[in-house]
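Asks: Structure, please.
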Amino acid sequence: MAKSNASEMLTSLDSLFTTQEQRDEAKRDSVQDIPISQISDFPEHPFKVKQDEAMLEMAESVRQYGVLVPGLVRQLEDGSYQMVSGHRRKLASELAGRDTIPCIVRDLTDDEAVIIMVDSNLQRERVLPSEKAFAYKMKLDAMRRQGQRTDLTSRPMVEKLESVEKMGRDTGESGRQIQRYIRLTNLIPEILDMVDDGRIAFRPAVELSYLTEQEQSALYDTMGREDCTPSLAQAIKMKAFSREGKLSEAVIRSIMAEEKPNQKEQFRIPKERISKYFKPGTPARTMEDTIIKALDYYRKRQRELER
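Replies: Below is the predicted model:
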């Protein structure tokens with residue numbers, strides 16, 4: 001009781017010696033320069049932060065003008081900070097040789113931090129399928145924890161569907177599409193990378209996510225040996241065989257050997273022969289576009305020499 005009275009007395013004294021405006025200001029977000037060494041990355045951050053050409057350009061901008069938009073962090077129990085929004089700005093600042101980064105410090109629960117982290121990163125111009133997949137899953141799990149009901153009439157399936165539909169309204173995508181993206185988290189990393197690179201289309205990838213890890217590994221090996229990827233019809237067929245427990249390596253090879261509708265003759269170049277001309281992690285489509293541009297330039301030069 002005495003402790004409670006003391007607390008109330010301190011609150012009263014605070015009210016006497018500070019104005020309401022000052023108290024409101026203390027609650028508002030303020031920007032602080034925080035040492036980068038004290039900021040850890042968000043656990044299981046689903047968005048890839050690469051040291052690519054765009055990152056080097058960002059680092060040069062930070063070197064010249066500083067970080068114009070503060071990051072968002074939350075303080076942990078040990079006094080350090082955790083990045084919620086601003087992982088790219090943090091890396092750019094490190095590359096620019098800066099020791100601190102301007103950040104807003106906000107008191108957030110784990111689930112609040114997850115939702116803000118996902119929403120802020122989804123605003124980027126280009127988001128990979130794998131990034132959306134794991135981000136949507138993290139946000140859905142956080143939303144379900146926040147909205148859990150404790151009465152006896154609550155039904156987890158209803159809660160899940162309601163959360164998916166709300167996410168759809170927040171992101172501008174249908175709830176069904178969000179569920180499809182989340183399905184991609186069941187793909188093995190090798191196949192998921194092919195989806196990010198555009199080598200496997202989105203809808204076939206969703207169907208392949210229903211295969212077991214062993215079946216996916218067998219499919220990945222077959223794609224490598226035969227230099228091919230499954231169509232939507234082939235992916236659906238493999239899913240059906242998997243459900244019946246009959247998707248063996250032989251069945252996978254047989255399905256992948258089927259001729260696809262309107263199949264065009266392909267000219268392939270082994271990736272190891274051209275990878276030295278590109279930066280690590282360059283998407284296959286970017287490599288292809290660059291090669292086509294180089295060939296166009298070569299043909300133009302040949303015609304000029306023949307004149």
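
Asks: where are the low-confidence patches of the stretch 1-150 of the chain?
Replies: 1-29, 147-150 (pLDDT under 70).

Asks: what about the helix or strand where Ile292 lies, distance to the chain center?
Replies: Using DSSP states H and E, Ile292 sits in helix 284-306. Distance of helix 284-306 from the chain centroid (CA atoms, centre = their mean, to the nearest Å) equals 34 Å.

Asks: If you count contacts, what does that helix end up packed against?
Replies: When contacts are defined as 3 or more CB pairs under 8 Å, 6 or more residues apart in numbering; DSSP states H and E, helix 284-306 sits against helix 271-274. The way it works is simple: take the backbone N, C-alpha and C, and place the C-beta from them, glycine included.

Asks: what's the helix it packs on in contact with?
Replies: With CB atoms under 8 Å, 6 or more residues apart in numbering as the test, helix 271-274 has contacts from 284, 287, 291.

Asks: what's the average pLDDT for that helix?
Replies: Summarised as a single mean, pLDDT over helix 271-274 is 74.

Asks: Quick check: buried residues in stretch 43-58?
Replies: By neighbour count on 16 or more other CB atoms under 10 Å, the buried set for stretch 43-58 is 45-47, 58.

Asks: Check for me that Gln123 belongs to a strand.
Replies: No - according to DSSP: H, G, I helix; E, B strand; the rest coil, Gln123 belongs to no strand; its state is coil.

Asks: Give me the number of neighbouring residues for Ala92.
Replies: 25 (other CB atoms under 10 Å).

Asks: my read: it touches Gly66, true?
Replies: No - the pair Ala92 / Gly66 is not scored as a contact, 10.5 Å apart, by CB atoms under 8 Å.

Asks: Now do the same contact list for Arg74.
Replies: Neighbouring residues of Arg74 by CB under 8 Å, 6+ apart: 81-82, 84, 105-108, 113.

Asks: Apologies, that question was intended for Ser217.
Replies: Counted by CB under 8 Å, 6+ apart, Ser217 has contacts 188, 190.

Asks: what about 6 Å?
Replies: Not one residue lies near Ser217 by CB atoms under 6 Å, 6 or more residues apart in numbering.

Asks: Tell me the gap between the helix or strand encompassing it and the middle of its chain.
Replies: Using DSSP H and E, the element containing Ser217 is helix 213-226. Put simply, helix 213-226 sits 24 Å off its chain's centre (CA atoms, centre = their mean).

Asks: Report the central residue of this protein.
Replies: Central residue of the chain (CA atoms, centre = their mean): Glu131, 2.0 Å from the mean position.

Asks: Quick one: the strands in the stretch 51-200 of the chain, in order.
Replies: For the stretch 51-200 of the chain, the strands defined by DSSP state E, counting those that start in this stretch occupy 71-75, 81-85, 100-105.

Asks: how about those, which one is nearest Lys139?
Replies: When the strands of the stretch 51-200 of the chain are compared by CB to CB, strand 81-85 sits nearest Lys139, at 13.1 Å.

Asks: So which elements touch the closest one?
Replies: With contacts defined as 3 or more CB pairs under 6 Å, 6 or more residues apart in numbering; DSSP states H and E, strand 81-85 has these neighbours: strand 39-40, strand 71-75, helix 110-121.

Asks: which one of the ones you listed is the most hemmed in?
Replies: Of all these, strand 71-75 carries the top mean neighbour count, a mean of 21, counting by mean count of other CB atoms under 10 Å.

Asks: Please export the C-alpha coordinates of that one as PDB.
Replies: Only the C-alpha atoms of strand 71-75 are listed here, as PDB (Å, rounded to 0.1, in the frame of the first residue of the first chain):
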ATOM      1  CA  GLY A  71      14.700   4.000 -39.500                       C
ATOM      2  CA  LEU A  72      12.400   2.500 -36.900                       C
ATOM      3  CA  VAL A  73      13.700   0.500 -34.000                       C
ATOM      4  CA  ARG A  74      12.500  -0.800 -30.600                       C
ATOM      5  CA  GLN A  75      14.700  -1.100 -27.500                       C
END
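
Asks: relative orientation of that strand and helix 110-121 in degrees?
Replies: For strand 71-75 against helix 110-121, the angle by axes from the mean of the first three to the mean of the last three CA atoms, to 10 degrees is 170 degrees.

Asks: Tell me the neighbouring strands of strand 71-75, and mark each as parallel or antiparallel.
Replies: Strand 71-75 has the following strand partners under DSSP bridges: strand 81-85 (antiparallel), strand 100-105 (parallel).

Asks: Now do the SS call for Cys229.
Replies: Small correction: residue 229 is Thr, not Cys. Following three-state DSSP, the label given to Thr229 is coil.

Asks: can I see the domain layout of the chain?
Replies: Domain ranges of the chain: 15-181, 197-277, per automatic domain parsing.

Asks: Now render those as JSON lines, adding distance to Arg303.
Replies: Formatted as JSON lines, the domains of the chain follow (distance: least, CB to CB, whole Å):
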{"stretch": "domain 15-181", "distance to Arg303": "31"}
{"stretch": "domain 197-277", "distance to Arg303": "22"}
